[in-house]
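Student: give me a 3D structure for the following:
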Amino acid sequence: MKETADTTGITGITGVVVRLKLSLLRNGLRQSAGRRAAYLASCVVVLLFAALQLIGLIVLRGNAHAAGVAVLLVAVLTLGWAVMPLFFPSGDETLDPTRLVMLPLRPGPLVRALLTASLVGIGPLFTLCLVTGSAISVAHGAAAYGTAVVAVVLALLVCVAFARAVAAANIRLLTSRKGRDLALLSGLVVAIGAQLVNFGVQRLGSAGLDRLDPVEAVLRWVPPASAIGAVDSVSKGSYGIAAAQLALSAGALAALLTLWSRSLTKLMTAPDASTLQTAEPGPPERTSTGLSRLLPAGRTGTVMERSLRYVWRDPKTKAAWVTSLAIGLIVPVFNALQGTGSVYFACFAAGMLGIQMYNQFGQDTSAFWLVALTISSTRDAYAELRGRALALLLITLPYATLVTVVTTALLGAWPKLPEVLGLSFALLGAMLATGAWSSARFPYSIPQEGYKNVAPGQAGLAWISILGGMVAAALLAAPVIAATIWLNVAADGDEWTWLLLPAGAAYGALITFLGLRLAAPRTAQRLPEILAAVSKG
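Tutor: Now for the predicted structure:
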């Protein structure tokens, strides 16, 4: 009788959780017609893409490299499921088990109920199509098709359990400020992943699918790709190897469910540390430790530390910096790896990082009034701008140098290194100069909530600030650009191109100094206007 009651309770919990997920989805779609249209459009696109992938995998059946493509596809799909909760924590409300803390639920039945509910949705359906196509592409014979049924179920369950286990283990992080930081960076991760996939496809297109064989030999033993490897092994008559590969996937599923259950137990029983008062008094306030010891004394060091803390703590500033750092590296390096790049593409890193100097006061938002109170003269404004420029240089100078050296090494153009470094330093100095002036002349607000980086009605200011500043920076760097072209065209110019490194560095430092000097009086005069502009968000 007890066993019957437990089974009935488990079934009831599962049905309730599944209905809960369907209700959340239905109520979410009722909020607006735009949301319904977006959801239906995304479903159509996903299903169409899944159908095309399924057909493509079925057509691949019989190809010598079908196993390599199928195994790699399932491995990449599993990786996507693993990282999805970290960057889209609000995509599914049922991912947060802390909402069920007050209910008398045991971890075992709750795991089964949540796992079943996780199979409801467009994501699991898309995964099912791809895994099914992968299994069909390598299945030959009745035994292989029978194994494929088990392999598809195992692979799908491992993907879903992986996502749930990661979400449960990191739910405190995902609901905190750092979790919001990860969500802001999700677009960057998708962009970088798209670049990597594009690069990999191009390499495979030029070198052939033979490159997948060594990777497939390793991934066919990594769950849940090992389940697809088991289907291929049965097709080849290796039944013992197939059994071992299926056992690996089953063992991975059991381990993930155990980890998930333990995380749920901890979440449902342990108090949230953020709600507990500290019993012991906090440590005494630190005055000059850590980063501040390495920075200059006085206002310059204080401004530098404040700017660097913005980069580390503010989600919007952090997202902008990480985007610039990543794109500044991706463009020159990927072009160099593809054999279509130029060593001068390394200047792209200096350009992307120099953009961070524009709209320096916008990141302060309405708190800029605290900065404005400390500026009573042109000298104070110059010290403020100088500290912000030095904080930016602390990151951009070594990074731009690193990108230039890496690009030069990949292309084997070491004689060009001095001139490219000099050109990068000159361009960076020009962007710092124009960025300081633009920050004072065209400030705009950066909303703290949402994904918009410009307050309503200020898009024109943002375009003028960034595009106008970039054009002006290019004109300011024109002497060094002209000198580089002239030395490369001249008959004996190669002997003197090394002079572009010290000349470019000196010119960049000089133009930065002049730009800060010219921007300081305007900043001191326009403090009320700047405060009004940056406070609109």
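
Student: so residue 131 touches residue 155, yeah?
Tutor: Yes: the criterion here is Cβ atoms under 8 Å, and residue 131 meets it with residue 155 at 4.7 Å. All C-beta spots, glycine's among them, are computed from the backbone N, C-alpha and C.

Student: any common contacting residues for those two?
Tutor: Each of 74, 228 lies in contact with both residue 131 and residue 155 under the rule Cβ atoms under 8 Å, 6 or more residues apart in numbering.

Student: quick one, domains of this structure?
Tutor: Domains of the chain are assigned by automatic domain parsing as 10-185+198-272, 294-534.

Student: for those domains, which has the smallest mean pLDDT value?
Tutor: Ranked by mean pLDDT, these end with domain 10-185+198-272 at the bottom, a mean of 80.

Student: longest single helix anywhere in this structure?
Tutor: As assigned by DSSP state H, the longest helix anywhere in the chain is helix 378-411.

Student: would you mind listing the buried residues in that one?
Tutor: Residues of helix 378-411 classed as buried by neighbour count (16 or more other Cβ atoms under 10 Å): 380-397, 399-401, 403-404, 406-408, 410-411.

Student: now do stretch 412-427
Tutor: 416-427.

Student: immediately after the longest helix of the chain, which helix or strand?
Tutor: Next in sequence after helix 378-411, counting helices and strands by DSSP states H and E, comes helix 417-441.

Student: run the chain-centre distance for the helix or strand following that next one.
Tutor: For helix 417-441, the following helix or strand on the C-terminal side (DSSP H and E) is helix 459-463. How far helix 459-463 lies from its chain's middle: 26 Å, per Cα atoms, centre = their mean, to the nearest Å.

Student: mind listing what's buried along helix 459-463?
Tutor: Judged by neighbour count using 16+ other Cβ under 10 Å, the buried positions of helix 459-463 are 461-462.

Student: pull the residues that contact that helix.
Tutor: Here helix 459-463 makes contact (Cβ under 8 Å, 6+ apart) with 359, 442-444, 453-454, 533.

Student: who's in contact with residue 426?
Tutor: By Cβ under 8 Å, 6+ apart, the neighbours of residue 426 are 477, 480-481, 504-505, 507-508, 511.

Student: any idea how far the residue lying closest to residue 437 once chain neighbours are set aside lies from residue 442?
Tutor: Spatial nearest neighbour of residue 437, excluding adjacent residues (Cβ to Cβ, 6 or more residues apart in numbering): residue 519 at 4.3 Å. Using Cβ to Cβ, to the nearest Å, we find residue 519 at a distance of 12 Å from residue 442.

Student: repeat for residue 301
Tutor: In this structure, residue 301 and residue 442 are 28 Å apart, going by Cβ to Cβ.

Student: repeat that for residue 525.
Tutor: Going from residue 525 to residue 442 by Cβ to Cβ gives 15 Å.

Student: of these two, who's got more company?
Tutor: residue 442 (22 against 13; other Cβ atoms under 10 Å).

Student: and the helix or strand hosting residue 482, which residues are buried?
Tutor: Using DSSP H and E, residue 482 sits in helix 478-489. Residues 480-481, 483-484, 487 are the ones in helix 478-489 that count as buried (16+ other Cβ under 10 Å).

Student: possible to save those residues as CSV with distance to residue 471?
Tutor: Output for the buried residues of helix 478-489, formatted as CSV (distance: Cβ to Cβ, whole Å):
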residue, distance to residue 471
480, 16
481, 13
483, 20
484, 19
487, 25
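
Student: tally of neighbours for residue 294?
Tutor: Residue 294 has 10 nearby residues by other Cβ under 10 Å.

Student: and it, how far is that from residue 83?
Tutor: Distance from residue 294 to residue 83, by Cβ to Cβ: 34 Å.

Student: likewise residue 472?
Tutor: To residue 83, residue 472 is 40 Å away according to Cβ to Cβ.

Student: same check on residue 163?
Tutor: Going from residue 163 to residue 83 by Cβ to Cβ gives 9 Å.

Student: ok, residue 62 next?
Tutor: Between residue 62 and residue 83 the computed distance is 33 Å (Cβ to Cβ).

Student: show me where the stretch 151-300 of the chain has its helices.
Tutor: Applying DSSP state H, counting those that start in this stretch to the stretch 151-300 of the chain gives helices spanning 171-174, 177-184, 186-207, 212-219, 225-235, 239-269, 291-294, 299-313.
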